[in-house]
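Student: Following is a predicted model, sequence given first.
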Amino acid sequence: MGGDELRVNIWRGGPGGGEMMAYRAPRLPSQTALDVVTWIQRHVEPGLSYRFSCRVGMCGSCAMTVNGVPRWTCRTHVKDVARRGIGIGRGERRPHLELAPLRNLPVLKDLVCDMSEFFRKWQRAEGVFHGDRGEHGEYIFRGGRGDGHRDNGHRSNNGHRGRHGKHDTRDTTPAPILPADPRRAAADAAIECINCAVCYAACDVVASNPNYLGPAALNRAWTLLNDARDAAQYERVRAIADGGGGCQNCHSQHNCARHCPVQLSPARSIAGLKQRAVRAAWRGELL
Amino acid sequence: MLGAGLFIAQRVTALILAPFVIAHLALIIIAVHGGLDAAEILARTRGNPWFAAFYQTFVTFAALHAAIGVRVICAEWSRGRLNAIHLDSITLTVLLLLFCMGSFAVFAVVV
């Protein structure tokens, strides 16, 4: 390898700790950070562990810390980041790349993180759709007022359905949810999250408060709070207003929005959640 | 760490404090530009019920606001090692400390 060479530092290790190891890789046109890792694993270090799947920015599984910034490596062109590389020695002119596992997640091996806690927090934030159930256990969305608004009062999804008429049948026409409805628009603005955990790694509140639910889980909860079909609004508001790790712990630093690869703004979703939490507290629903 | 109640208290006290801070700064600037010395300032504040009410309210809300803020800083600084009892104790201690110090200061310039 001559002048078109890339100096790469990769974090190697496991749950007990590790260190940066130096590698060299050829510099190629249109090369992504994921291409570099793949080249090193195939030609230099077969034991190097990393995670990827689609390689085209659809799955979000290849997220790593590239030169100190959480990114999808498949969508990170070396030419865009190597020039700004950190850790370049005095007089060193060669492009430099530093790859590490995502922050705020326990490392399994090398560049692979354990995502269990990340997804457990999704569950804690009630990030799962709860539909009303019909008499045969099927999901239903009957009635409503067609404008996307609904009764969000004290009600669980276990059978008490104050908003439905007694005489609804399987032939009852579902209320339409218009794309222009403000709540639907709020949900749509946040719904494209693919759980890559880049925002979670970028969040300083997660770093300092391990109990904090994190931007991704709260963003997901925001989409469901704005989903007129969902039947667990009361439970979700209680979950996102939890004193230990709820939305009110967010410092509005907007690191999540700054680093989100699909340009979502979890910070804006969390701001909406804070308003809901305050409203719920005011009504005494959090007691 | 920060439940909905404390979150609301933090925001509400911040809202209340904003005009107090502006009025306090304005008062300082006017006093300094007016060339008043300590004796002249004390002559105006002693026995003034409006001055006492203004600054005692200021002190109360500032103590509340700062105590909640210190609670958050401690919780994040400890990275989850401080439990709710520790944090409640810190919050209450800071609240009482600031309230007492502020009240003594108000007492000193009014009485």
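Tutor: Looks like it arrived, so ask away.
Student: Enumerate the residues of chain B near chain A.
Tutor: Neighbours of chain A within chain B, by C-beta under 8 Å from any C-beta of the partner chain: B:1-8, B:11, B:72, B:75-77, B:79-80. Placement of C-beta: from N, CA and C, glycine included.
Student: What are the contacting residues of the helix or strand of chain B with the lowest mean pLDDT?
Tutor: Of all helical and strand segments in chain B, the minimum by mean pLDDT, DSSP states H and E falls on helix B:38-45, at a mean of 88. Contact with helix B:38-45 is made by B:31, B:36, B:51, B:109-110, as judged by C-beta atoms under 8 Å, 6 or more residues apart in numbering or on different chains.
Student: can you redo these as TSV with neighbour count, secondary structure and pLDDT?
Tutor: Compiled in TSV, these are given as follows (neighbours: other C-beta atoms under 10 Å in any protein chain shown; DSSP: H, G, I helix; E, B strand; the rest coil; pLDDT from 0 to 100):
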residue	neighbour count	secondary structure	pLDDT
B:31	14	helix	86
B:36	14	coil	86
B:51	16	helix	90
B:109	16	helix	91
B:110	17	helix	90
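Student: how about these, which pair is most distant?
Tutor: Maximum pairwise distance in the contacts of helix B:38-45, criterion C-beta to C-beta, is 16.4 Å, between B:36 and B:110.
Student: What parts of chain A come near chain B?
Tutor: For chain A, the contact set with chain B under C-beta under 8 Å from any C-beta comprises A:205, A:208-211, A:241-246, A:248-249, A:274, A:277-278, A:280-282, A:286.
Student: Helices of the stretch 101-250 of chain A, residue ranges please.
Tutor: Counting by DSSP state H, counting those that start in this stretch, the segments of the stretch 101-250 of chain A that form helices are A:116-124, A:182-188, A:198-202, A:204-208, A:215-225, A:233-240.
Student: mind pulling up the phi and psi values for residue A:18?
Tutor: The phi/psi pair for residue A:18 (degrees, to the nearest 10) reads phi -170, psi -170.
Student: same check, this time on the one 3 residues further on
Tutor: Geometry field for residue A:21 lists phi and psi as phi -110, psi 140, criterion degrees, to the nearest 10.
Student: closest to residue A:57 out of the helices of the stretch 101-250 of chain A?
Tutor: Among the helices of the stretch 101-250 of chain A, helix A:198-202 comes nearest to residue A:57, with 11.7 Å by C-beta to C-beta.
Student: Residues touching the helix or strand containing residue A:25, excluding its own?
Tutor: Secondary structure from DSSP states H and E places residue A:25 in strand A:17-26. Outside strand A:17-26, the residues that touch it by C-beta under 8 Å, 6+ apart are A:1, A:4-13, A:36, A:39-40, A:44-45, A:98, A:100, A:107, A:110.
Student: Within its sheet, name the partner strands of it and how each one runs.
Tutor: Strand pairing for strand A:17-26, using DSSP bridges, gives strand A:5-14 (antiparallel).
Student: If we go by neighbour counts, what in the partner strand is buried?
Tutor: Within strand A:5-14, the residues that count as buried by 16 or more other C-beta atoms under 10 Å in any protein chain shown are A:6-12.
Student: Please apply the same query to stretch B:49-59.
Tutor: Buried positions in stretch B:49-59, judged by neighbour count with 16+ other C-beta under 10 Å: B:51-52, B:54-56, B:58-59.
Student: Same check on stretch A:64-73?
Tutor: Buried residues in stretch A:64-73, counted by 16+ other C-beta under 10 Å: A:64-67, A:69-73.
Student: got it, and stretch B:103-111?
Tutor: For stretch B:103-111, a neighbour-count test (16+ other C-beta under 10 Å) marks B:106, B:109-110 as buried.
Student: Mean neighbour count, distance to residue A:32 and mean pLDDT added to the helices of the stretch 101-250 of chain A, as CSV?
Tutor: Formatted as CSV, these follow (neighbours: other C-beta atoms under 10 Å in any protein chain shown; distance: least, C-beta to C-beta, whole Å; pLDDT from 0 to 100):
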stretch, mean neighbour count, distance to residue A:32, mean pLDDT
helix A:116-124, 16, 24, 96
helix A:182-188, 16, 29, 94
helix A:198-202, 27, 15, 98
helix A:204-208, 20, 26, 95
helix A:215-225, 27, 23, 96
helix A:233-240, 22, 36, 92
